[in-house]
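[1] Build the 3D model from these lines:
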Amino acid sequence: MTVGVPVTDLRRASTWYGRVLDRQADLEPVDGIVEFEVAGCWLQLYQGAPLAGQDFAFRIGVRDVEAQRRRLLDLGIEVGAITVIEGVIAFCDFADPDGNGLSLYTVLSDGAR
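    Below you'll find the model as predicted:
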């Protein structure tokens, strides 16, 4: 699976996503595209206009949503509060510099998978 995300400045976005994901991009297959492999899926950044009116989020599962939220805050990234659905999931939302939605989550029970 590949999720394409339009960004207005590919170099800036690649650096930003590298900080969020705590690593470098995996591929730059052609000029104008940068890709990160995330849990078997590809996050593909491409130079383009943000998708006005599109509401989506690239959601990233983590072992400890609280620790990862603190890490992002320490990087100076604005992150929303953690929402907890008891026994199911804990998550928080944030956005990249172009306003594309992202979310971190931790599954709290096997029944939510």
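[2] In what element of secondary structure is Gly99 found?
    Counting by DSSP states H and E, no helix or strand carries Gly99.
[3] element containing Ala67?
    Using DSSP H and E, Ala67 sits within helix 65-74.
[4] Which residue, other than its chain neighbours, is closest to Ile85?
    Leaving aside its sequence neighbours, Ile85 sits nearest to Leu108 (Cβ to Cβ, 6 or more residues apart in numbering; 7.7 Å). C-beta here means a position set from N, CA and C on the backbone, and glycine is covered the same way.
[5] ignore the last one, Val84
    Ala90 (4.6 Å).
[6] Surely that neighbour is in contact with Arg63?
    No: look at Ala90 against Arg63 with Cβ atoms under 8 Å: they stay out of range, at 11.3 Å.
[7] Of these two, which one has the most company?
    Ala90 (19 against 8; other Cβ atoms under 10 Å).
[8] In the protein, what helix or strand scores lowest on average pLDDT?
    When each helix and strand of the chain is scored by mean pLDDT, DSSP states H and E, strand 57-61 comes last, with a mean of 87.
[9] what's in contact with that one?
    The contact list for strand 57-61 (Cβ atoms under 8 Å, 6 or more residues apart in numbering) reads 3, 5, 21, 38-39, 43, 91, 93, 100-107.
[10] Need the residues touching each of Ala90 and Arg63.
    Shared contacts of Ala90 and Arg63, defined by Cβ under 8 Å, 6+ apart, comprise Thr106.
[11] residues contacting the residue nearest to Val84?
    The contact partners of Ala90, by Cβ under 8 Å, 6+ apart, come to 65-66, 82-84, 105-106, 108.
[12] and the angle for the helix or strand that contains it with helix 65-74?
    Ala90 belongs to strand 89-95 when assigned by DSSP H and E. Going by axes from the mean of the first three to the mean of the last three Cα atoms, to 10 degrees, strand 89-95 is angled at 20 degrees with respect to helix 65-74.
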